[in-house]
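> Sequence plus predicted model, see below.
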Amino acid sequence: MRKKILYLLLLLALTQKQTFAQVKSANGNMLAATPPMGWMTWNYFADQIHEKEIMEMADALVKTGMRDAGYRYIFIDDGWQGGRDNRNNIIADPQKFPSGIKALADYVHSKGLKLGIYSDAAPLTCAGYTASLGFEEQDAKTFASWGIDYLKYDYCGAPPDAETAKHRYKTMADALRKSGREIAFGICEWGDRKPWLWAAEAGGQLWRTTGDVRDKWKRRSEKEGGEGILDIIDVNAGLDQYAGIGHWNDMDMLVVGLNGKKGPSGDLGGTGCSTAEYQSQMSLWSILTSPLAATNDLRTMDEQTKRILLNTEVIQLNQDPLGKQAVRKVNDAVWTILVKPLANGDYAVAVLNRSDAVQTADLKFADLGLNESYTVRDLWAHKTVAKGKKWKGQVNRHETKVFRLKNIK
Ligand code: GLA
């Protein structure tokens, strides 16, 4: 009898352990407990990437203070692949990566950074390079052996239905988990199959919610390809319930500092943005807990670009440990207003002027559900601008004010 009880207890312990392990891995093992931050190759270089320039970007992340502000990843996007060897192992293009990806990963790690890579759930990637369908376990092992920390997994060349997508993403997520290395997983099917409903369960830490961002404020016509900053906000501001610790709505890359130059950001109508618009992107991507992947040339940043990308008070909102995406409280022709609760009890409030003219905001916090009195810190002006139950002030066209409200006890 005693033996039987002991046996049952042991069985119980084992099943509980297994359940725990499953819960843990379903949550992505707390990979990406806060939204990943870093620099991504695509918008500046497209597929014309080279290890030398990637190393220079890694150096620049350190030198500019971006690493210490939280930008920890170098994300290699499409164009690194050189096919497969005679054992079907995926290899890097030897012209672009003469030292190999492992050497690059070692270099990046030596700087206190992490390395991300890119593939696609079909035979070929979006830019026509070798991809991973049918080679998931083998490629995941290769990535692990190189020291890769993150995989962006695209969906060009795959069928349109959601069931296949779930299956293909889960297959790669499982392969990554079995690879022997902790590799965060970014799902990129552009929001077409509502990934916020299934991507976390399939094993993703983040999922793109829209088509590709371009260096522009908004799409000028329905027909124009490429998403502007405002187009992406309008999709994501309604998806707050799906984000949380370890699983994030990915609003695609930052275009801050591209200034209408270079790479895919110049196609599909990417003509550049004003400083206020770039500042809005940083503000809204932060408060909506999107990953923050800069894509500009970090080696030659002007002061405005640095000021925006290195606003640590705004970054803190993005990386807040409570992991709540801001909720949209107001959305009309002029204003979009979002509120995000923070771990220490403060609230972040973003006030976007969508219109093409300067506007005066007359904000009563109670209308946003914030019923106390607060000290109001402007996170772009870096000072307290009000105390009490309201804020009134001017907001320029396409500008976003970001406030941190602290309850006055
Ligand atoms: C797709 C993705 C982009 C980028 C390119 C690379 O368009 O959505 O973010 O990775 O492919 O080819």
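Structure's in. What do you need? Numbering: from 1, shown residues only.

> Who are the contact partners of residue 81?
With contact taken as C-beta atoms under 8 Å, 6 or more residues apart in numbering, residue 81 is in contact with 90, 91, 92, 93, 119, 125, 129, 130, 131. In short, each C-beta sits where N, CA and C put it, glycine included.

> Go again with 10 Å.
By C-beta atoms under 10 Å, 6 or more residues apart in numbering, the contact set of residue 81 is 47, 90-93, 96-97, 117-120, 124-125, 127-132.

> and what of residue 150?
Contacts for residue 150 (C-beta under 10 Å, 6+ apart) come out as 31-32, 36, 38, 72-76, 114-118, 143, 176, 182-186, 205-206, 291.

> that older thread, among the contacts of residue 81, which ones are buried?
Buried residues within those, counting neighbours by 16 or more other C-beta atoms under 10 Å: 47, 90-93, 96-97, 117-120, 125, 127, 129-132.

> What score does the residue in the stretch 201-350 of the chain that the ligand sits nearest to have for pLDDT?
Closest to the ligand within the stretch 201-350 of the chain is residue 212: 4.7 Å, counting by C-beta to the nearest ligand atom. pLDDT for residue 212: 96.

> how far away is the closest residue to it other than its chain neighbours from residue 266?
Spatial nearest neighbour of residue 212, excluding adjacent residues (C-beta to C-beta, 6 or more residues apart in numbering): residue 226 at 5.9 Å. Distance, residue 226 to residue 266, using C-beta to C-beta, to the nearest Å: 10 Å.

> one step back: among the contacts of residue 150, which are in helices?
143, 176 (DSSP state H).

> Could you tell me which residues of the stretch 1-150 of the chain lie near the ligand?
Applying C-beta under 6 Å from any ligand atom, one finds that the stretch 1-150 of the chain approaches the ligand through 42, 77, 78, 125, 126, 127.

> Of the contacts of residue 150, which belong to strands?
With strands taken from DSSP state E, the overlap with these comprises 38, 73-75, 114-118, 184-186, 206.

> if we can go back for a sec, from what I can see the residue of the stretch 201-350 of the chain closest to the ligand touches residue 250, true?
No: using C-beta atoms under 10 Å as the test, residue 212 is too far from residue 250 to be in contact (11.8 Å).

> just the strands in the stretch 251-400 of the chain please.
292-294, 327-331, 335-341, 347-353, 359-364, 374-378, 383-388, 390-395, 400-407 (DSSP state E, counting those that start in this stretch).

> which one of those strands is the most hemmed in?
Of those, the one with the most neighbours on average (mean count of other C-beta atoms under 10 Å) is strand 292-294, at a mean of 28.

> Look at residue 312 and say how many residues are nearby.
For residue 312, the tally of surrounding residues (other C-beta atoms under 10 Å) stands at 13.

> dump the residue contacts of it.
65, 68, 69, 70, 319, 379, 382.

> closest to the ligand among those residues?
residue 70 (21.3 Å).

> Identify the residues contacting the closest one.
Neighbour list for residue 70: 34, 35, 36, 37, 38, 292, 310, 312, 315, 316, 318, 319 [criterion: C-beta under 10 Å, 6+ apart].

> again, only using 8 Å
37, 292, 315, 318, 319.

> Reformat those residues into JSON lines and put pLDDT and distance to residue 103 next to each item.
Formatted as JSON lines, the contacts of residue 70 follow (pLDDT from 0 to 100; distance: C-beta to C-beta, whole Å):
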{"residue": "37", "pLDDT": "98", "distance to residue 103": "24"}
{"residue": "292", "pLDDT": "99", "distance to residue 103": "27"}
{"residue": "315", "pLDDT": "99", "distance to residue 103": "30"}
{"residue": "318", "pLDDT": "98", "distance to residue 103": "31"}
{"residue": "319", "pLDDT": "98", "distance to residue 103": "30"}
